[in-house]
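Asker: what's the 3D shape of this:
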Amino acid sequence: MAVGDELFRPLRLGAIEAPNRIFMSPLTRSRATDRVPNELMAKYYTQRASAGLIITEATAISEQGYGWVGTAGIYNDAQVAGWRRVTEAVHGAGGRIVLQLWHMGRVSHPDFLGGELPVAPSAIAAEGEAHTPGGKKPYVVPRELSAGDIAGIVDDYSAAARRARDAGFDGVEIHAANGYLIDQFLRSSSNRRSDEYGGSVANRARFLVEVVRSVTAAWAPDRTGVRISPTMNEKGMTDVDPVGLFTHVARVLSAAGLAYLHVAEAIRPGRLYNPDGPRVTPHIRAAYDGILVANGGYRKEDAVEAIRERRADAVAFGQAFLANPDLVARFAGDAPLNPPDPSTYYTHGEAGYVDYPAMT
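Answerer: Prediction:
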């Protein structure tokens with residue numbers, strides 16, 4: 001096998017057949033119009049249809065779950081129609097695309113919620129600032145969810161999965177990472193509950209388990225993935241035992257028959273990797289019996305090595321795909337990559353979004 005061939009072998013993820021193992025990571029880009037996907041977004045994703053699998057930007061499952069300027073939702077008919085334009089364009093270009101389901105929890109802000117408080121497992125404010133329509137504002141102390149509230153949000157996830165199916169997606173990815181609501185339930189720093197959703201590792205994982213059951217019942221286990229970020233410690237997110245917590249999560253999810261588990265943990269110190277603690281992905285790999293997708297600062301050579309050594313089955317690339325719509329072809333030809341322009345990550349036009357050049 002030639003060096004790099006590992007990346008170009010097909011991979012079956014449940015009901016989804018990926019033609020290669022170079023996946024597009026979920027990337028918030030803030031280009032939606034009034035929370036509805038538009039033609040510009042369809043063009044952006046279609047340009048990247050050669051990915052083995054496109055995982056969309058995080059998408060709000062409900063009005064309560066919303067909290068980022070310019071992002072889209074999947075909770076009304078207009079949003080379903082907008083996403084349908086995206087999926088039809090991507091499929092027309094031969095691509096495969098899943099929708100990432102998102103509830104921001106405590107890192108939303110009253111400015112997005114009609115003045116209401118954001119919700120969370122416990123009434124503990126996140127560290128940092130929300131990017132609101134009125135500018136950056138400190139995160140507020142959220143309202144603690146009741147058991148009845150939690151059941152309602154679980155239903156919102158299943159409704160979002162059904163809408164994603166209706167919009168033509170190939171599947172969904174449950175966003176249980178990066179300090180958002182499900183991650184807030186998982187971590188000991190943000191979950192101080194004393195009921196069945198707090199305390200022990202099994203109790204803190206209960207909400208995730210209920211969401212997974214709800215989503216897979218609404219659509220199918222083999223069209224459902226989950227993303228976790230065991231060492232992402234921004235926004236005040238930490239855990240007393242990340243290895244124990246996420247090994248348990250991996251075991252539970254392994255029994256669910258999912259399409260894949262997506263682990264965001266950088267291979268070098270940075271935003272998704274706490275250098276003061278152990279890397280957790282190897283423990284997850286040992287505990288999880290299905291397809292594992294790795295993410296976090298991988299270069300082509302890192303991805304090749306991870307797949308060859310069976311530390312991952314595929315690798316998701318973020319900024320590299322953002323700046324290189326033809327990343328698969330560039331990797332195949334060992335061509336140089338366009339550098340990304342961070343100043344355009346969250347702006348609202350074509351610049352830095354659909355104007356990165358492909359190889360000629």
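
Asker: switch to C-alpha atoms for all contacts and neighbour counts from now on
Answerer: Will do.

Asker: Please enumerate the helices of the stretch 151-300 of the chain.
Answerer: 181-186, 201-204, 206-218, 242-254, 281-287, 300-308 (DSSP state H, counting those that start in this stretch).

Asker: buried sites along stretch 117-130?
Answerer: Within stretch 117-130, the residues that qualify as buried are 117-126, 129-130, counting by 16 or more other C-alpha atoms under 10 Å.

Asker: what stretches of the stretch 201-350 of the chain score poorly on pLDDT?
Answerer: For the stretch 201-350 of the chain, applying pLDDT under 70 flags the ranges 269-276.

Asker: can you list the helices of the stretch 151-300 of the chain in a markdown table and add distance to A323 and mean neighbour count?
Answerer: Formatted as a markdown table, those follow (distance: least, C-alpha to C-alpha, whole Å; neighbours: other C-alpha atoms under 10 Å):
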| stretch | distance to A323 | mean neighbour count |
| --- | --- | --- |
| helix 181-186 | 28 | 28 |
| helix 201-204 | 37 | 20 |
| helix 206-218 | 32 | 20 |
| helix 242-254 | 32 | 20 |
| helix 281-287 | 27 | 19 |
| helix 300-308 | 15 | 18 |
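
Asker: and of these, who's closest to D170?
Answerer: helix 206-218 (13.4 Å; C-alpha to C-alpha).

Asker: Okay, angle between that closest one and helix 242-254 too, please.
Answerer: Orientation check (axes from the mean of the first three to the mean of the last three C-alpha atoms, to 10 degrees): helix 206-218 against helix 242-254 gives 20 degrees.

Asker: helices or strands up against helix 206-218?
Answerer: The contact analysis (3 or more C-alpha pairs under 8 Å, 6 or more residues apart in numbering; DSSP states H and E) places helix 206-218 against helix 147-166, helix 181-186.

Asker: if you set the cut-off to 6 Å instead, what comes out?
Answerer: helix 147-166 (3 or more C-alpha pairs under 6 Å, 6 or more residues apart in numbering; DSSP states H and E).

Asker: State the mean pLDDT of the helix it packs on.
Answerer: Helix 147-166 shows a mean pLDDT of 98.

Asker: That one packs against which elements?
Answerer: helix 206-218.

Asker: The helix it packs on vs helix 147-166, what angle?
Answerer: When the same axes, to 10 degrees is applied, the directions of helix 206-218 and helix 147-166 differ by 40 degrees.

Asker: which residues sit against stretch 103-114?
Answerer: The contact list for stretch 103-114, computed with C-alpha atoms under 6 Å, 6 or more residues apart in numbering, reads 60, 65, 67, 116-120, 142, 180-181.

Asker: how about the residues you listed in TSV, adding distance to L101 and pLDDT?
Answerer: Below are the contacts of stretch 103-114 laid out as TSV (distance: C-alpha to C-alpha, whole Å; pLDDT from 0 to 100):
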residue	distance to L101	pLDDT
A60	6	98
G65	10	98
G67	13	97
E116	22	98
L117	21	98
P118	17	98
V119	17	98
A120	17	98
P142	21	98
Y180	11	98
L181	11	98
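
Asker: If we go by neighbour counts, what in stretch 107-116 is buried?
Answerer: By 16+ other C-alpha under 10 Å, the buried positions in stretch 107-116 come out as 107-112.

Asker: ugh, typo on my part, it should be stretch 33-48
Answerer: For stretch 33-48, by 16+ other C-alpha under 10 Å, it's 33, 35-38, 40-48.

Asker: re the thing from before, show me the two of the buried residues of stretch 107-116 that sit farthest apart.
Answerer: Most distant of the buried residues of stretch 107-116, by C-alpha to C-alpha, are V107 and D111, 11.6 Å apart.

Asker: Got the confidence number for the residue most central in space within the chain?
Answerer: Computing the C-alpha centroid of the chain and ranking residues by C-alpha atoms, centre = their mean puts H175 first, at 4.6 Å. pLDDT recorded at H175 is 98.

Asker: doesn't I228 make contact with it?
Answerer: No - H175 is not in contact with I228 according to C-alpha atoms under 6 Å; the separation is 7.1 Å.
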